[in-house]
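**Student:** dropping the sequence and predicted coords here.
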Amino acid sequence: MESQKKFTPTFSLELFPPKTETGMERLQTTVKKLVAINPGYISVTYGAGGSTQERTYETVDWLVSQGVECAPHLSCIGSSREEIDEILTRYKSQGIRRIVALRGDLPSGAGLSGLGDLNYANELVAQIRQSFGDYFHIEVAAYPEFHPQALSAEADLFNFKRKVKAGANAAITQYFFNAEAYFQFVDSCEKRGLDIPIVPGIMPITNYSSLSRFSDGCGAEIPRWIKRRLEGFGDDINSIRDFGIDVTSNLCRELLEHGAPGLHFYSMNQSVPVLRIWENLDLNKLSSCKNAENAKKHRVRRERCSGNL
């Protein structure tokens, strides 16, 4: 973990674009509560093949209009190099400087053939660097419990190294509940000379059935003791949420005490769990100065792009 201790902690959030206008209104209310805690940035997920792209743009546009530093997700599956450059040019014109670069999910039953010019996230990172140099700060994904499609743990680490060598600035991990998995992953990266911030992805526990379904799909292990406790609560939503917030807060505390360079919260478009965990950890003391400075810089960039400066 020594490599991570030198980086200034960044605390950030993830949103997904709503599918309806009503959902967008609810999201805007949620964001107004979340920005009060000064997150370093807010990332916005992206659907390949047009499934949520327009909603992603709408969400990003609104965040930019509110002076929020945002990091749009960008996946390469299903897109040409020209389409990717067009999207990035759009974001550059808005003063956006941070991108989360991902391969993207493969359509069910499909292989890589015929799904665009780029097949892997390292190729997307290389494309961004080729077209835009160092303009964008690039975040990539990391998997402490290893990608469910990886042939082996070693192959997964090799793929992560390819993304770093292609020009990634930092990584956000898939969520996990076993801190030791993260510590071991970071140690493995250090042995391979990979020297970038690896920020833990944090999933607040609010709904056991949803969490179980998500975890099965992404390969995140829910420890047996957590499963048994959640099962014991049955349909008691408040008890599940309170227990989940305690568990997640303790996990975050352990990660930070060992030198993790921040936290990235998968908010699921909910404010209450994130706000309570943030308060439990007193993160504003760690993040307020840095994040306030980032927000000021972002507002200046946005005003320059709009011609107001």
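**Tutor:** Perfect, thanks for sending it. As the structure is a prediction and not an experimental result, all values here were calculated from the model.
**Student:** mind listing residues that contact the helix or strand harbouring V164?
**Tutor:** Taking DSSP states H and E as the criterion, V164 maps to helix 153-166. The contact list for helix 153-166 (CB atoms under 8 Å, 6 or more residues apart in numbering) reads 101, 120-123, 125-126, 129, 140, 142-143, 146-147, 150, 171, 188-189, 192, 194, 196. Using the backbone N, CA and C atoms, a C-beta is placed for each residue, glycine as well.
**Student:** ok, now with 7 Å
**Tutor:** Outside helix 153-166, the residues that touch it by CB atoms under 7 Å, 6 or more residues apart in numbering are 121-122, 125-126, 129, 140, 142-143, 146-147, 150, 188, 192, 194, 196.
**Student:** narrow the residues you listed to those in strands?
**Tutor:** With DSSP state E as the criterion, strands contain V140, A142 from among the contacts of helix 153-166.
**Student:** quick one: which of the contacts of helix 153-166 has the most company?
**Tutor:** Among the contacts of helix 153-166, the one with the most neighbours (other CB atoms under 10 Å) is A142, at 29 neighbours.
**Student:** which one is it nearest to, not counting chain neighbours?
**Tutor:** A171 (4.1 Å; CB to CB, 6 or more residues apart in numbering).
**Student:** next one: S212
**Tutor:** Counting by CB to CB, 6+ apart, I222 is the residue found nearest to S212 once chain neighbours are left out, at 6.8 Å.
**Student:** from I99, how far off is that neighbour?
**Tutor:** Taking CB to CB, to the nearest Å as the measure, I222 falls 30 Å from I99.
**Student:** compare the two and say which one has the larger neighbour count.
**Tutor:** I99 (26 against 18).
**Student:** which strand or helix spans L34?
**Tutor:** Here L34 is assigned to helix 21-34, by DSSP H and E.
**Student:** for this protein, which segments count as helices?
**Tutor:** Secondary structure of the chain (DSSP state H): helices at 21-34, 53-65, 81-93, 121-132, 153-166, 179-191, 208-218, 224-232, 237-257, 272-281, 284-306.
**Student:** looking at those, which is buried most?
**Tutor:** With neighbours defined as mean count of other CB atoms under 10 Å, the helices of the chain peak in mean count at helix 121-132, which reaches a mean of 20.
**Student:** picking that back up, the residue nearest to A142: how many residues sit nearby?
**Tutor:** Residues near A171, counting by other CB under 10 Å, number 26.
**Student:** that one against L194, yeah?
**Tutor:** No: with contact defined as CB atoms under 7 Å, A171 does not reach L194; the gap is 8.9 Å.
**Student:** in the contacts of helix 153-166, find the pair that's most separated.
**Tutor:** Farthest apart among the contacts of helix 153-166 by CB to CB are R129 and F146. That separation is 26.0 Å.
**Student:** hey, C-alpha coordinates of stretch 240-256 in CSV?
**Tutor:** Output in CSV follows, covering the C-alpha atoms of stretch 240-256 (Å, rounded to 0.1, in the frame of the first residue of the first chain):
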residue,chain,number,x,y,z
ILE,A,240,-31.0,-3.3,6.1
ARG,A,241,-30.0,0.3,5.3
ASP,A,242,-28.7,1.0,8.8
PHE,A,243,-26.7,-2.2,8.9
GLY,A,244,-25.4,-1.6,5.4
ILE,A,245,-24.2,1.9,6.3
ASP,A,246,-22.4,0.7,9.3
VAL,A,247,-20.7,-2.1,7.4
THR,A,248,-19.7,0.2,4.5
SER,A,249,-18.5,3.0,6.9
ASN,A,250,-16.2,0.5,8.7
LEU,A,251,-14.9,-0.8,5.4
CYS,A,252,-14.1,2.8,4.2
ARG,A,253,-12.4,3.6,7.5
GLU,A,254,-10.2,0.6,7.2
LEU,A,255,-9.2,1.4,3.6
LEU,A,256,-8.4,5.0,4.5
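**Student:** distance from it to the middle of the chain?
**Tutor:** In terms of CA atoms, centre = their mean, to the nearest Å, the centre of stretch 240-256 is set 18 Å apart from its chain centre.
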